[in-house]
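Undergrad: please find the sequence and the predicted model below.
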Amino acid sequence: MFLQLAHTKTLIFQESKKFTLECYRITKDFPPDEKFAMVQQIRRAALSVHLNIAEGCSRKSGSERKRFFEISGGSVI
C-alpha cells in the first residue's frame, strides 16, 4: 500500500529514526521552563538529522548527497 523507498532500509536511516525518537522521549521530561527553548531546539535538530539523511539518499549526484549528509552531521553536533 505504501511506497517502499530504498533509503528506509539503510542502517543510518533506521538509526537516525531511533535517535530522533529518543530525543523526543528525553526532552519530554525536561523542566517546564525549558519547554519552549531548549526542548524545541533539540527536537528540531534531531528531526533535521533524519530528514536530511532521507533527502540526501534521494539525490542522484554524489556531491549533492554528500552535502545533505554533512548538514545532517552538523545537526547532530
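TA: Thanks, I have the structure now.
Undergrad: what comes up buried for stretch 42-60?
TA: Neighbour-count burial for stretch 42-60, counted by 16 or more other Cβ atoms under 10 Å, picks out 42-43, 46-57. Every C-beta, even on glycine, is put in place using the N, C-alpha and C of the backbone.
Undergrad: take these and keep only those in helices.
TA: Under the assignment DSSP state H, those contribute 42-43, 46-57 to helices.
Undergrad: got JSON lines for those residues, with pLDDT too?
TA: Formatted as JSON lines, these follow (pLDDT from 0 to 100):
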{"residue": "Ile42", "pLDDT": "94"}
{"residue": "Arg43", "pLDDT": "94"}
{"residue": "Ala46", "pLDDT": "95"}
{"residue": "Leu47", "pLDDT": "94"}
{"residue": "Ser48", "pLDDT": "94"}
{"residue": "Val49", "pLDDT": "93"}
{"residue": "His50", "pLDDT": "91"}
{"residue": "Leu51", "pLDDT": "92"}
{"residue": "Asn52", "pLDDT": "91"}
{"residue": "Ile53", "pLDDT": "91"}
{"residue": "Ala54", "pLDDT": "89"}
{"residue": "Glu55", "pLDDT": "89"}
{"residue": "Gly56", "pLDDT": "89"}
{"residue": "Cys57", "pLDDT": "85"}
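Undergrad: counting neighbours, what do you get for the closest residue to Cys57 other than its chain neighbours?
TA: Of all residues not flanking Cys57 in the chain, His7 sits nearest, at 3.4 Å (Cβ to Cβ, 6 or more residues apart in numbering). Counted with other Cβ atoms under 10 Å, the burial measure for His7 works out to 14 neighbours.
Undergrad: ok, His7 touching Glu55?
TA: No - using Cβ atoms under 8 Å, His7 is not in contact with Glu55; the gap is 9.2 Å.
Undergrad: quick one: Gln14 from Val76, how far?
TA: Using Cβ to Cβ, to the nearest Å, we find Gln14 at a distance of 15 Å from Val76.
Undergrad: now do Phe69
TA: 11 Å.
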